[in-house]
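**Q** quick one, structure for this:
(one chain, ligands or ions: 1)
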Amino acid sequence: MRLLLLFYLEYLVAVKLRIYNGELYPCERVSDVLDYFKIGTLENGLDIKQIWEIMNVGKLTEYECINCWNLRLCSICSAQLEFSTEPTRQHKLQECIRSEARALFELYELAVLYEFGLDIESIEESL
Ligand code: SF4
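**A** Residues are numbered from 1 along each chain as shown. Predicted coordinates:
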């Protein structure tokens, strides 16, 4: 877990970290109005507990995720959830509906492209 956290911190600093009024946020997609997304300040450094909280948003629905057909395609992150103080299981489940719809649409598109002759395997090999 420590290694994962270190990787995330390195990623944050190298790629995404956003600074607004001296406060640190994980990326440009999160709201700077919500304290939940504040992961530290320039003055006091990073708030590891809050980073851990945001990284583990998946825990809110871990039992649903284990049985979900969309687990391998799902990419929900905290920034997508609609909440006012901190995300709950219900907030996450609302986004699950959209995630499943997106995955279904992408699978549908792939199926149509395949029907029209798209060579999926050659595309996967070139990636
Ligand atoms: S759609 Fe919801 S339940 Fe399914 S894998 Fe994603 S977060 Fe988990």
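**Q** rest of the way, CA atoms for contacts and neighbours
**A** Noted.
**Q** ranges for the helices of this protein?
**A** Along the chain, counting by DSSP state H, helices occupy 2-11, 48-55, 62-66, 89-115, 120-126.
**Q** can you put the ones you listed in JSON lines and add mean neighbour count?
**A** What follows is the helices of the chain, written out as JSON lines (neighbours: other Cα atoms under 10 Å):
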{"stretch": "helix 2-11", "mean neighbour count": "12"}
{"stretch": "helix 48-55", "mean neighbour count": "16"}
{"stretch": "helix 62-66", "mean neighbour count": "13"}
{"stretch": "helix 89-115", "mean neighbour count": "14"}
{"stretch": "helix 120-126", "mean neighbour count": "8"}
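**Q** which of these sits closest to Ile39?
**A** Closest approach to Ile39 among the helices of the chain (Cα to Cα): helix 48-55, 5.8 Å.
**Q** name the spans of the protein whose pLDDT lies under the cut-off.
**A** Applying pLDDT under 70 to the chain flags residues 1-15.
**Q** kindly recompute the last result at 80.
**A** Per-residue confidence for the chain (pLDDT under 80) gives these ranges: 1-15, 120, 123-124, 126-127.
**Q** rewinding a little: okay if I get the helices of the chain as CSV plus distance to Ser75?
**A** Listed next are these as CSV, based on distance: least, Cα to Cα, whole Å:
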stretch, distance to Ser75
helix 2-11, 16
helix 48-55, 12
helix 62-66, 12
helix 89-115, 8
helix 120-126, 20
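**Q** please consider this matter closed, and thank you.
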